[in-house]
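Colleague: make a model of this:
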Amino acid sequence: MERRRDRTGRYECVDPALGARLWEYELPGVDPDLNARLDRHLSVCDACRLSRAVERSVASGFNEGWLEVAEPAGHTFLSSLLGWAWNRATAAGSLAVALSILLVFLLPPRAPELDVVPRAGSVGAGFTHPVEGEVLLGRRPGFAWVQVEGATGYRITVEEIGGSYVWSGRTDRCTIRTPAEAALPPAGDFRAYLECIPSDLARLGDINVSFHSATPGRFLTYRLGHADRWAYGVGLIGLALLFGAALRRIRHRGDPAR
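Modeller: Residues are numbered from 1 along each chain as shown. Below you'll find the model as predicted:
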């Protein structure tokens with residue numbers, strides 16, 4: 001047999017029928033006569049000898065670890081993304097829980113519908129801060145309300161329910177803060193009344209809101225119980241991430257192969 005090349009200059013097997021059985025060469029239990037024939041074939045067939053050398057080199061690469069089977073691009077991206085998420089689940093979960101706690105105090109608490117002024121053109125008028133039943137921390141609360149059409153000014157009166165505290169103030173804006181000399185008692189129940197100027201825009205007592213001045217403990221309890229739903233949602237996501245990260249660590253510790 002002689003060396004053969006095709007038109008591109010590449011080697012061709014000199015005996016394709018025998019070359020197709022090259023995979024059986026030196027296998028345990030192979031027929032000795034076939035093994036001898038394959039051995040003689042390799043001594044004269046450059047194409048098969050080259051193919052066998054490549055196969056052995058690739059096998060060596062996999063065995064030694066410097067060759068790896070490439071995963072599909074989509075699978076590789078997804079695996080990397082999931083790995084990134086899991087590796088950062090603890091940090092992301094902790095951040096989400098911290099953000100949730102922050103939102104509890106930054107976002108306004110949930111409240112019932114605003115008190116409504118029974119007058120055309122002023123529907124929806126009422127206090128926006130504090131909201132009905134809100135628990136406030138501090139003795140100088142600020143008040144805010146929806147503008148009443150036609151009003152040139154406002155008078156606000158704050159009274160302690162069942163107590164002696166009374167304060168009244170006037171403003172041309174839709175906000176006012178209790179002055180230092182009229183600070184609220186440390187803890188109590190109050191109601192604020194808003195009177196429009198001119199007074200015929202709303203009947204006295206139509207716009208009012210009840211609120212409470214309380215200790216830090218009661219304030220915290222109220223805020224947690226009346227937080228905006230966004231704060232709850234972010235907190236639940238954070239807890240889920242932390243729980244998933246904890247389960248992953250437990251599985252890694254329990255799996256001796258990892």
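
Colleague: can you pull out the helices in the stretch 101-250 of the chain?
Modeller: Here the stretch 101-250 of the chain has its helices, by DSSP state H, counting those that start in this stretch, at 216-225, 229-254.

Colleague: out of those, which gets nearest to A96?
Modeller: Among these, helix 229-254 comes nearest to A96, with 2.9 Å by C-beta to C-beta. All C-beta spots, glycine's among them, are computed from the backbone N, C-alpha and C.

Colleague: what does stretch 191-203 rub up against?
Modeller: By C-beta atoms under 8 Å, 6 or more residues apart in numbering, the surrounding residues in contact with stretch 191-203 are 117-119, 122, 125, 127, 130, 143, 145, 148-159, 161, 170, 204-205, 207-211.

Colleague: if we can go back for a sec, any chance of the helices of the stretch 101-250 of the chain in JSON lines with mean pLDDT and distance to A98 as columns?
Modeller: Shown next, in JSON lines, are the helices of the stretch 101-250 of the chain (pLDDT from 0 to 100; distance: least, C-beta to C-beta, whole Å):
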{"stretch": "helix 216-225", "mean pLDDT": "81", "distance to A98": "15"}
{"stretch": "helix 229-254", "mean pLDDT": "75", "distance to A98": "8"}
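
Colleague: A20 is nearest to which of those helices?
Modeller: Nearest of the helices of the stretch 101-250 of the chain (C-beta to C-beta): helix 229-254, 47.5 Å.

Colleague: now do the buried residues in the closest one.
Modeller: Neighbour counts using 16 or more other C-beta atoms under 10 Å place A231, V234, G235, I237, G238, L241, L242, A245 of helix 229-254 among the buried residues.

Colleague: if I look at the fifth one, how far off is R191?
Modeller: Counting by C-beta to C-beta, to the nearest Å, the gap from G238 to R191 is 38 Å.
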